[in-house]
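S.K.: Dropping the sequence and predicted coords here.
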Amino acid sequence: MAYTSPLFQSSFDLFSHSIEHFNLGTERDRKFVIMHLANAVELIFKDLMLDLGLSIYKNPKETITITGAIESLSKDKGIKIPHLNKLELLIDERNALQHRYGFPNELTTIFYMDATFLFFKEFLKENYNLDIEIVLQDFLNEDDLTIFNLRSVSNLTELDKLHKLTKIHPVGALLSLYAYLEGQINSIREVVMASAIDDEKDMKLSLFRIVNPDSFMRISKEYNIQLDEQIMRKLMDFRNVRNQVSHGRETVKSQEVIDFINMVKELETKINELNQAVTENPRLLIEKEKIRDAEMHQRARL
């Protein structure tokens, strides 16, 4: 089982190769990322099947497909497949690449890499009692693992990691930075939602969808947190560039991402100030939204 199994070894050889190609980031490398990811997932499914006493053959000369493996694990053994919807897209993408000329764009590659990493993280923990981070240390060299881990940012001090990533994957650095900012804003949203009572928890208020820079500017205004015009313009630029990348823009310049990193670092004081204000009076937004909602209903009746 696990490290002693040839299928497990092959699965993580492929997964580690996909990370190496991901780090290189060329158009040709992106194609191999998708191919290796799908094959790695298929082999880990078959490894678990053998471990559970299931046959991986549909006839003496042919093993089952990845779809067959998923069906067998799910139906015969009740195994939960995390992020299955995204894995199904990955399989379709792999099959398409095998039968046509073309290369996935960077955003697509990032999407499938993130989805597959999360799949392995949960799947290994649940079925092998293994930590993906520790397993990868045995299959990847230190430099490749370091580069790959640059994408994860959880606090202000880690933002400097993204400066290095901009030289390799500017799009990846941009999306990681945006995710970091969304996380900061979401923590404010959770404070507000925690103060909701009774039927307020079910109200579809716009404040319950606070997750982006636009919302941050609106909430700051409600709590009298002053943002200068330059920061607000930069926030809007950040959102627009991120949306362009998410909807097909192929690249973003490294310096452009670095400017956004510096903007977010500069914004951190205001984020902390807003967080404190919301903590002290979390119901301010709820009460204001209720007043607006009542006024709208009143106008509708006139």
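M.R.: Yep, that arrived. Numbering: from 1, shown residues only.

S.K.: buried set for the helix ranked longest in the chain?
M.R.: The longest helix of the chain (DSSP state H) is helix 254-280. Neighbour counts over helix 254-280 (16 or more other C-beta atoms under 10 Å) mark 254, 257-258, 260-261, 263-264, 267, 270-271, 274-275, 277-278 as buried. (C-beta placed from N, C-alpha, C; glycine too.)

S.K.: quick one, phi/psi of residue 62?
M.R.: Backbone dihedrals for residue 62, given as degrees, to the nearest 10, come out at phi -140, psi 130.

S.K.: To what extent is it buried, counted in neighbours?
M.R.: 8 (other C-beta atoms under 10 Å).

S.K.: so how far is residue 45 from it?
M.R.: Distance, residue 62 to residue 45, by C-beta to C-beta, to the nearest Å: 16 Å.

S.K.: quick check, residue 58 in a helix?
M.R.: No. Applying DSSP: H, G, I helix; E, B strand; the rest coil, one finds residue 58 to be strand, outside a helix.

S.K.: before we move on, back to that, any idea of the mean pLDDT in the longest helix of the chain?
M.R.: Mean pLDDT, helix 254-280: 92.

S.K.: Show me what counts as buried in the following helix or strand past it.
M.R.: Counting by DSSP states H and E, the element after helix 254-280 in chain order, helix or strand, is helix 284-301. The neighbour-count criterion (16+ other C-beta under 10 Å) identifies 284, 285, 286, 289 as the buried residues of helix 284-301.

S.K.: what's the answer for stretch 83-94, then?
M.R.: For stretch 83-94, by 16+ other C-beta under 10 Å, it's 83, 86, 87, 90, 91, 93, 94.

S.K.: what packs against the longest helix of the chain?
M.R.: Here helix 254-280 touches helix 161-166, helix 170-194, helix 213-222, helix 229-246, going by 3 or more C-beta pairs under 8 Å, 6 or more residues apart in numbering; DSSP states H and E.

S.K.: neighbouring contacts of the third one?
M.R.: By that I understand helix 213-222. For helix 213-222, contacts defined as C-beta atoms under 8 Å, 6 or more residues apart in numbering pick out 181, 185, 188-189, 207, 209-210, 226-227, 232, 235-236, 238-239, 270-271, 274, 278, 284-285, 288.

S.K.: buried sites along that helix?
M.R.: For helix 213-222, burial by neighbour count (16+ other C-beta under 10 Å) applies to 213, 215, 216, 219, 220.

S.K.: and residue 39, what element?
M.R.: Assigned by DSSP H and E, residue 39 belongs to helix 27-51.

S.K.: Which strands or helices does that helix pack on?
M.R.: helix 6-24, helix 66-77, helix 84-99, helix 106-127.

S.K.: What is the nearest of the buried residues of helix 213-222 to residue 74?
M.R.: Nearest to residue 74 among those is residue 215, at 38.6 Å by C-beta to C-beta.

S.K.: Tell me the spacing between the closest one and residue 261.
M.R.: In terms of C-beta to C-beta, residue 215 sits 21 Å off from residue 261.

S.K.: Output the buried residues of helix 254-280 as TSV; include the columns distance to residue 37.
M.R.: Formatted as TSV, these follow (distance: C-beta to C-beta, whole Å):
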residue	distance to residue 37
254	26
257	25
258	29
260	28
261	28
263	33
264	30
267	35
270	39
271	35
274	39
275	37
277	44
278	40
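
S.K.: follow-up on the earlier one: quick one, which of the helices and strands packed on helix 254-280 is nearest to residue 110?
M.R.: Nearest to residue 110, of all the helices and strands packed on helix 254-280, is helix 170-194, at 5.5 Å by C-beta to C-beta.

S.K.: From residue 87, how far off is the closest residue to residue 162 other than its chain neighbours?
M.R.: Spatial nearest neighbour of residue 162, chain neighbours left out: residue 173 (4.6 Å); criterion: C-beta to C-beta, 6 or more residues apart in numbering. Counting by C-beta to C-beta, the gap between residue 173 and residue 87 amounts to 26 Å.

S.K.: do the same with residue 223
M.R.: Remark: distance between residue 223 and residue 87 (C-beta to C-beta) = 42 Å.

S.K.: just residue 140 next, same as before
M.R.: From residue 140 to residue 87 the distance is 22 Å (C-beta to C-beta).

S.K.: Then residue 64?
M.R.: With C-beta to C-beta as the criterion, residue 64 and residue 87 are 16 Å apart.

S.K.: and if you look at residue 59?
M.R.: Applying C-beta to C-beta to residue 59 and residue 87 gives a distance of 25 Å.
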